[in-house]
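Undergrad: Let's see this in three dimensions:
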Amino acid sequence: MEVVRGPDSTVPPPFTQPELSYDKFVARPCDLLSRDQLATIGIITDPGKVTSYPLGPNCTWEADKSMDTGISVTLFVNGAGLVPIYQRRDWGYFAETTIGGYPAINGDNKTPIGTTTPEGSCFTTVGIAPLVAYQVAASAHRPNADYEQPCKPADKVALWVLEKLKAGS
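TA: A predicted model of the protein is given here:
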């Protein structure tokens, strides 16, 4: 039986891309981004801090200045992929997108995004296999341009992570 997806579907789209793995990075999620990449978004000094969350390992990089954009990457090791995000699509901001051709969601628990709190944030979750996903969170404060469009840096970093996973190193 084929799953029919409507515009408000609580099911992710069918997975059509080559499957990727982040197994090499589960113990070292901070290696997903290079120092050069981080420098282009204003993170020069922070080497990244690894934290273990229920969803999986996470690396967070704090911006050098309070007005710069902070980034974190979480590897969803719970085996649910994009499914939980689709099931909670009515919790706030939710927009289907793609990152490098892979299915992704831009989301936040508040809506409209970037204009309701002192901090603009966006979570870009990318499916890299049917039940495998990772998430990039970006947060910025006024007057940073990313405050109004926090999904822009989240998507950029999500693409960098995808490229690293494709390279497999």
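Undergrad: how about the strands in this structure?
TA: With DSSP state E as the criterion, the chain has strands at 49-53, 56-61, 70-76, 93-99, 102-108, 119-129, 132-141.
Undergrad: out of these, which comes closest to Gln149?
TA: Of all the strands of the chain, it is strand 119-129 that lies closest to Gln149, at 7.8 Å by CB to CB. (Glycine included, C-beta is placed from N, CA and C.)
Undergrad: Select, out of the strands of the chain, the one closest to Glu19.
TA: Smallest distance to Glu19 across these (CB to CB): 4.0 Å, for strand 119-129.
Undergrad: just the CA coordinates of that closest one, formatted as CSV?
TA: C-alpha atoms of strand 119-129 as CSV (Å, rounded to 0.1, in the frame of the first residue of the first chain):
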residue,chain,number,x,y,z
GLU,A,119,16.9,35.4,19.6
GLY,A,120,16.1,34.3,16.0
SER,A,121,16.6,30.5,15.6
CYS,A,122,16.1,27.9,13.0
PHE,A,123,16.5,24.1,13.1
THR,A,124,17.3,22.5,9.7
THR,A,125,16.8,18.7,9.9
VAL,A,126,18.1,16.7,7.0
GLY,A,127,17.2,13.0,6.2
ILE,A,128,20.3,11.1,4.9
ALA,A,129,18.7,7.6,4.9
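Undergrad: which ones are touching the residue nearest to Asp155 when sequence neighbours are not counted?
TA: Nearest residue to Asp155, sequence neighbours excluded (CB to CB, 6 or more residues apart in numbering): Thr124, at 5.4 Å. Contacts for Thr124 were tallied using CB atoms under 8 Å, 6 or more residues apart in numbering; they are 97, 99, 104-106, 135-138, 151, 154-155, 157-158.
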